[in-house]
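Participant: Sequence and predicted structure are below.
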Amino acid sequence: MATRRVWVWTELTDGAPQRPSLELLTAARGLGEAAAVLLAPAGAEVIATLGAHGAAVVYHGDDAIYTQYAVEPQVAALAALIAAEAPDLLLFPSTFTARDVLARLAGRLGAGVIANATSVRFEGERLTATVPYAGAYQASVTLEGSAPYLVQVRPKAYPVEPVGGQAEVRPVATALDPASCRVRVVETVPQVAEGPNLEEAEVIVAGGRGLGKAENFRLLEELARQLGGAVGASRAVVDAGWVPYSYQIGQTGKTVKPNLYIACGISGAIQHLAGMKGSKHVIAINQDPDAAIFEIADLGVVGDVLTIVPKLTERLAGR
Ligand SMILES: Cc1cc2nc3c(=O)[nH]c(=O)nc-3n(C[C@H](O)[C@H](O)[C@H](O)COP(=O)(O)OP(=O)(O)OC[C@H]3O[C@@H](n4cnc5c(N)ncnc54)[C@H](O)[C@@H]3O)c2cc1C
């Protein structure tokens, strides 16, 4: 059987490949020959990073059109490239832009999509993916019909593994006249966040409704600062407007896998667990001894979060 050709749609932030794209290169290498599709102006160091993470080929569209206009030029270039090169599988990260590109591409190709996958494999000629539903079930889903198959993968489903290779660059021609693009990027505003990025943090201190009010999140920020960690939240407190949506962990928020997750006043609803149960160690603080969060905690502390967290911070500060 010929080697399968697996492409990873690659996204940059501040001029560097995003972690989820590098994770997908690990997945792609395990499935066949990995290539990255990079439709954005980028320098040699970006190509070198993609090669070092296992991309044998980087299909590179260097045109500024990709940053000036949203999605449409990407989809046109991808569709033309797929028609010319006939890859077997395209992997997309679970980012907002990737969702946009993938949805339009699927429509253009008339192809089916598997979204939210945590693992992807070929079984004979069939492409199969594992897809979790909330925290309780996972399904094996197959795509039938002809390639290319389109799969969107959850963050942290695969590790980032540099392998030290070098990529061959193949230029991608621009396939759309800017005059026909209907959605233009007007402004990009970076979100200012204190502390480490939630998805990459080794320690997360997460708060729920048990904190009582928005102001009490300050206690978690102080603890997170002592531990060099980031602050996250349950949906209940995001919905209440205590913290922004970017803090939300769970089925409809971020998926995190830190070394240590400290859940403060969080009940442990299945939709919250869906986003954090891959954490290596879980400490839960909750005044209800029957709270569901204790079922997955390595260490459970039954008590008032408003008393325990400041004491913990104070102890750590004294070390
Ligand atoms: C489709 C769908 C998607 C969802 N997606 C998400 C998601 O992505 N993320 C998410 O988090 N939720 C999600 N939810 C909501 C989820 O079902 C829960 O409602 C939510 O996680 C509850 O948040 P919580 O634990 O902060 O609040 P609660 O369930 O109200 O729990 C508060 C906890 O704090 C404890 N407590 C109270 N006071 C104190 C105190 N002083 N000290 C210590 N403990 C105290 C209580 O005993 C309780 O266990 C989703 C729901 C649906 C239907």
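Facilitator: Looks like it arrived, so ask away.

Participant: going forward, measure contacts and count neighbours with C-alpha atoms only.
Facilitator: Will do.

Participant: and the stretch 1-150 of the chain, which residues reach the ligand?
Facilitator: By CA under 6 Å from any ligand atom, no part of the stretch 1-150 of the chain sits against the ligand.

Participant: the strands in the stretch 1-150 of the chain, which residues?
Facilitator: 5-10, 12-13, 16-17, 33-39, 57-61, 89-93, 113-117, 119-123, 126-133, 137-143, 149-153 (DSSP state E, counting those that start in this stretch).

Participant: same deal with the stretch 201-319 of the chain?
Facilitator: Under DSSP E, counting those that start in this stretch, the stretch 201-319 of the chain gives strands at 203-207, 230-233, 260-264, 281-286, 299-302.

Participant: how close does Ser21 sit to Ala173?
Facilitator: 22 Å (CA to CA, to the nearest Å).

Participant: now do Ala52
Facilitator: According to CA to CA, Ala52 stands 24 Å off from Ala173.

Participant: Between these two, which is the more surrounded one?
Facilitator: Ala52 (19 against 15; other CA atoms under 10 Å).

Participant: Just the buried residues of stretch 80-96, please?
Facilitator: 81, 87-95 (16 or more other CA atoms under 10 Å).

Participant: same check, this time on stretch 205-225
Facilitator: Residues of stretch 205-225 classed as buried by neighbour count (16+ other CA under 10 Å): 205-211, 214, 217, 219-225.

Participant: That stretch: end-to-end distance?
Facilitator: Using CA to CA, the span of stretch 205-225 from its first residue to its last is 10 Å.

Participant: contacting residues around it?
Facilitator: With CA atoms under 8 Å, 6 or more residues apart in numbering as the test, stretch 205-225 has contacts from 195, 203-204, 229-237, 241-243, 261-267, 286, 305-306, 309-310, 312-313.

Participant: Stretch 139-152 now?
Facilitator: Contacts for stretch 139-152 (CA under 8 Å, 6+ apart): 82, 86-94, 102, 106, 111-117, 126-133.

Participant: same question, stretch 36-48
Facilitator: 7-12, 15-17, 25, 50, 55, 57-64, 66-67, 74, 166-167, 169.

Participant: What parts of the stretch 201-319 of the chain come near the ligand?
Facilitator: For the stretch 201-319 of the chain, the contact set with the ligand under CA under 6 Å from any ligand atom comprises 208-211, 234-237, 248-253, 265-269, 271-272, 285-288, 291, 303-306.

Participant: Mark which of these are buried, thanks.
Facilitator: Neighbour counting by 16+ other CA under 10 Å classes 208-211, 234-235, 237, 248-251, 253, 265-268, 271-272, 285-287, 291, 304-306 among these as buried.

Participant: Okay, now the unreliable bits of the stretch 1-150 of the chain?
Facilitator: Scanning the stretch 1-150 of the chain for pLDDT under 70 picks out 1, 134-136.

Participant: Is it correct that Ala291 is in contact with Cys264?
Facilitator: No - using CA atoms under 8 Å, Ala291 is not in contact with Cys264, being 11.6 Å away.

Participant: quick one, helices of the stretch 151-300 of the chain?
Facilitator: 217-227, 235-239, 270-276, 293-296 (DSSP state H, counting those that start in this stretch).

Participant: Would you reformat these as CSV and include mean pLDDT and distance to Ser140?
Facilitator: Formatted as CSV, those follow (pLDDT from 0 to 100; distance: least, CA to CA, whole Å):
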stretch, mean pLDDT, distance to Ser140
helix 217-227, 96, 37
helix 235-239, 96, 28
helix 270-276, 92, 17
helix 293-296, 96, 24
